[in-house]
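Undergrad: coords please:
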Amino acid sequence: MTRERWIFLLVLIIASYMIFDGSRALIYGDYLTPSAGSYSGQLGSWASIVSLVGIEPRSMFMKLAFVAYGFSMICMGVFFVMKFRWARLSLLTMAVLGLWYLPFGTIINLIVIFLLATKKG
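TA: Below you'll find the predicted structure:
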């Protein structure tokens, strides 16, 4: 598999999950959370990050941000695969902006950043 396809696959995974989780929160009122155990009903570590900057994690704004970010990132991934000149920098910017989404978004976006930053041309 080519580097571009790996990048797109990683982007598709994290962005699709954000669209799914944000849409679910818009429709049912809350994000997907554990239903049992010591973390029952709790959001991921990302919630602490957005709370620190004054955004309520369960707010309508945050739910819409999840969906908008996911769609935007998939679009940038498509433009990147289509080899638009500006798409590499745009996708890199989107990946940097997604680092707050701990833990999986951070890991996937760091890999995407590495693959984009080490890509020649």
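
Undergrad: which ones are touching the closest residue to Phe80 other than its chain neighbours?
TA: Of all residues not flanking Phe80 in the chain, Ala87 sits nearest, at 4.1 Å (CB to CB, 6 or more residues apart in numbering). (C-beta placed from N, C-alpha, C; glycine too.) Contacts here follow CB atoms under 8 Å, 6 or more residues apart in numbering; on that basis Ala87 touches 76, 79-80.

Undergrad: as a markdown table, the residues you listed with distance to Pro103, neighbour count and secondary structure would be great.
TA: Below are these laid out as a markdown table (distance: CB to CB, whole Å; neighbours: other CB atoms under 10 Å; DSSP: H, G, I helix; E, B strand; the rest coil):
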| residue | distance to Pro103 | neighbour count | secondary structure |
| --- | --- | --- | --- |
| Met76 | 22 | 24 | helix |
| Phe79 | 27 | 16 | helix |
| Phe80 | 24 | 23 | helix |
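
Undergrad: now flag whichever of those residues is closest to Thr2.
TA: The nearest member of these to Thr2, counting by CB to CB, is Phe80 at 11.9 Å.

Undergrad: pLDDT weak spots in the chain?
TA: By pLDDT under 70, the weakly predicted segments of the chain are 121.

Undergrad: which residues of it fall in helices?
TA: 3-28, 46-52, 60-81, 87-97, 104-117 (DSSP state H).

Undergrad: name the residues that touch the shortest one?
TA: By that I understand helix 46-52. 56-57, 62, 100-102, 105.

Undergrad: still on that earlier bit, a markdown table for the contacts of Ala87, including distance to Asn109?
TA: Shown next, in a markdown table, are these (distance: CB to CB, whole Å):
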| residue | distance to Asn109 |
| --- | --- |
| Met76 | 12 |
| Phe79 | 17 |
| Phe80 | 14 |
